[in-house]
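Engineer: here is my input; please provide its structure:
(2 chains)
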Amino acid sequence: MAKPKDVTDAEFEQEVLKADLPVLVDFWAPWCGPCRMVAPIVEELAQEYDGKVKFVKVNTDDNVDTAVRYGIRSIPTLLVFKGGEPVAQVIGFRPKSELKKVLEKALS
Amino acid sequence: MALEYDIVIVGGGPAGLAAGLYAARARRRTALLEKGVIGGQISLTETIENYPGIESIGGFDLAQAMLRQAESYGLETHYLEAKSLEQADGKWLVRTDEKDFLAKAVIITAGADYNRLGVPGEERLTGRGVSYCATCDAAFFKDEEVAVVGGGDAAMDEGLFTARYASKVYVIHRRDQLRASRILQERAFANPKMHFIWNTVVTEVLGEEAVEGLRLRNVVSGEESVLPVKAVFIFIGHHPNTDWLKGLVPMDNGGHIVVNEWMETGLPGLFAAGDVRKNAARQVVSSAGDGATAAIAADRYISEHFRE
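Structural biologist: Numbering: from 1, shown residues only, chains lettered A, B, ... in the order given. Sure thing, here's the model as predicted:
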């Protein structure tokens, strides 16, 4: 079962930047209401794209360095990484259909 | 093939959720369509402390509780955006990108969306210091100086929340007094981190990769200035989400749907409740009341016009 994995600052390079697959990173925090709406959608996408895209979560409260490095100033923010570089960004809550479009575009 | 329901509710804020609760308890097969986050505006509200009987609750949590309650009676929720509405043989057809819905009655509870300033830099720097949700983003500006634009309840509420993190919060308001409720004004004036800039509008958001400041103009003296801040939180009112209904339903000049005291639009089987309607008080409790009224009226309409 593919479930988004929690990734820390220390693990980010290995888990995201050096990953073989494209990676969707969900930047979130426990106090952010809309983040709690995004989480189940990201979990569904993780099932649907199992084997094609890797899904991880970064808690911005505990992992400030990564959030700062990628200029995260608003959550939820989703970043898609390919070959260690961010290639797509979604700021704020978006319906699943829109997130799928972003993923499809990043995969093509 | 369209999905068939007795009642379709468009919008999942307090009005829609209350309508869903009442419609489901009336044993009407009811669908609620939500394009974004359940709760609408309140899902972004830090605390609600004026919903009778509940002393204090997070807006997101209140919305989730309303949803659970309505779904426990059989409300069906679809995360889809209504794109059009048309009459079809005495019923109503609601179209979305994925599915169509056919209903005996439709309740529009599409709510309102926040206004943007409409100044250079605003769109480009959204998510990079320009924010419409302090509860989402304020924590990223710990010990920084930030600005809040607006003079209503939302501006004060969010400004006070922002002040928990920021070192200084400038409140920029185009008039010389606030429109916010007295209790929020008192709290805002008493907070040593809040500084008020009166009679002033934002003319540009400055910054390359992130917000670095605001260009301001005093509307009385015409004087221009630059205020260095790392973030700007914008709360300058809302507009009803009724563009998709233009030409179908009678509206006022602001795009609010005109209804009578039973939330009837004048078109058979079509109701509107909450912030989309004319003369709404725009409170959680009044929206919920509107939604309940609309559902009762819709239930009665179906009994009178359809053989059961």
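Engineer: which residues does residue 55 contact?
Structural biologist: In the absence of a named chain, this looks at chain A. A:2-5, A:23-24, A:26, A:42-43, A:45-46, A:49 (C-beta atoms under 8 Å, 6 or more residues apart in numbering or on different chains). Every residue, glycine included, has its C-beta placed from N, CA and C.
Engineer: not what I meant, chain B
Structural biologist: residue B:49.
Engineer: got the phi and psi for it?
Structural biologist: Backbone torsions of residue B:55, given as degrees, to the nearest 10, read phi -70, psi -40.
Engineer: helices of the chain, start to end?
Structural biologist: Picking chain A for this. Listed in chain order, the helices found in chain A under DSSP state H are A:9-12, A:33-48, A:64-69, A:96-107.
Engineer: sorry, should have said chain B
Structural biologist: Counting by DSSP H, the helices of chain B are B:14-25, B:59-72, B:134-137, B:153-162, B:182-190, B:284-305.
Engineer: out of those helices, deepest packed?
Structural biologist: Comparing these on average neighbours per residue, with mean count of other C-beta atoms under 10 Å in any protein chain shown, the densest one is helix B:14-25 at a mean of 30.
Engineer: in terms of secondary structure, what does it contact?
Structural biologist: strand B:3-10, strand B:30-33, helix B:59-72, strand B:100-108, helix B:284-305 (3 or more C-beta pairs under 8 Å, 6 or more residues apart in numbering or on different chains; DSSP states H and E).
Engineer: nearest to residue B:129, of the contacts of residue A:55?
Structural biologist: residue A:26 (21.1 Å; C-beta to C-beta).
Engineer: gap between that closest one and residue B:221?
Structural biologist: Relative to residue B:221, residue A:26 is positioned 47 Å away (C-beta to C-beta, to the nearest Å).
Engineer: return the most buried member of the helices of chain A.
Structural biologist: The highest mean neighbour count among the helices of chain A, using mean count of other C-beta under 10 Å, belongs to helix A:33-48: a mean of 18.
Engineer: quick one: which of residue A:26 and residue B:221 has more around it?
Structural biologist: For residue A:26 versus residue B:221, neighbours defined as other C-beta atoms under 10 Å in any protein chain shown are more numerous around residue A:26 (26 against 9).
Engineer: list the contacts of the closest residue to residue B:250 other than its chain neighbours.
Structural biologist: Closest residue in space to residue B:250, ignoring its immediate chain neighbours: residue B:258 at 4.6 Å, by C-beta to C-beta, 6 or more residues apart in numbering or on different chains. When contacts are counted by C-beta under 8 Å, 6+ apart, residue B:258 touches B:249-252, B:265-266, B:277-278.
Engineer: just the buried ones from those residues, in PyMOL syntax?
Structural biologist: In PyMOL, this line selects whichever of these come out buried by 16 or more other C-beta atoms under 10 Å in any protein chain shown:
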select buried, chain B and resi 249+251+265+277+278
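Engineer: for the residue in the stretch 51-200 of chain B positioned nearest to chain A, give its distance to residue A:4.
Structural biologist: Nearest residue of the stretch 51-200 of chain B to chain A, counting by C-beta to the nearest C-beta: residue B:60, 3.1 Å away. Using C-beta to C-beta, one gets 20 Å for the distance from residue B:60 to residue A:4.
Engineer: and what of residue B:260?
Structural biologist: Per C-beta to C-beta, residue B:260 is found 49 Å from residue A:4.
Engineer: more neighbours: these two, which one.
Structural biologist: Shown here are residue B:260 and residue A:4; by other C-beta under 10 Å, residue A:4 has more neighbours (18 against 10).
Engineer: so what's the more buried one up against?
Structural biologist: Per C-beta under 8 Å, 6+ apart, neighbours of residue A:4: A:26, A:39, A:42-43, A:46, A:55-57.
Engineer: same question for residue B:155.
Structural biologist: Per C-beta under 8 Å, 6+ apart, neighbours of residue B:155: B:148-149, B:171, B:173, B:180, B:235-236.
Engineer: how about a markdown table for those, with pLDDT, neighbour count and distance to chain A added?
Structural biologist: Listed next are the contacts of residue B:155 as a markdown table, based on pLDDT from 0 to 100; neighbours: other C-beta atoms under 10 Å in any protein chain shown; distance: C-beta to the nearest C-beta, whole Å:
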| residue | pLDDT | neighbour count | distance to chain A |
| --- | --- | --- | --- |
| B:148 | 98 | 32 | 16 |
| B:149 | 98 | 22 | 16 |
| B:171 | 98 | 25 | 20 |
| B:173 | 98 | 22 | 24 |
| B:180 | 94 | 23 | 22 |
| B:235 | 95 | 25 | 15 |
| B:236 | 95 | 21 | 18 |
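Engineer: where does residue A:1 land on pLDDT?
Structural biologist: Note on residue A:1: pLDDT of 51.
Engineer: chain A contacts on chain B?
Structural biologist: Residues of chain B found near chain A (C-beta under 8 Å from any C-beta of the partner chain) are B:35-39, B:43-44, B:58-60, B:79-81, B:97-98, B:126-129, B:131, B:133, B:135-137, B:139-141, B:209-210, B:231.
Engineer: just the ones of the residues you listed in strands?
Structural biologist: Among those, the residues falling in strands (DSSP state E) are B:131, B:231.
Engineer: can you say which of the residues of chain B next to chain A are buried?
Structural biologist: Of the residues of chain B next to chain A, these count as buried by 16+ other C-beta under 10 Å: B:35-39, B:43-44, B:58-60, B:79-81, B:126-129, B:131, B:133, B:135-137, B:139-141, B:231.
Engineer: in JSON lines, list the helices of chain B along with mean pLDDT and distance to residue B:271.
Structural biologist: JSON lines is the format used below for the helices of chain B (pLDDT from 0 to 100; distance: least, C-beta to C-beta, whole Å):
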{"stretch": "helix B:14-25", "mean pLDDT": "98", "distance to residue B:271": "8"}
{"stretch": "helix B:59-72", "mean pLDDT": "96", "distance to residue B:271": "17"}
{"stretch": "helix B:134-137", "mean pLDDT": "84", "distance to residue B:271": "31"}
{"stretch": "helix B:153-162", "mean pLDDT": "93", "distance to residue B:271": "27"}
{"stretch": "helix B:182-190", "mean pLDDT": "96", "distance to residue B:271": "32"}
{"stretch": "helix B:284-305", "mean pLDDT": "98", "distance to residue B:271": "4"}
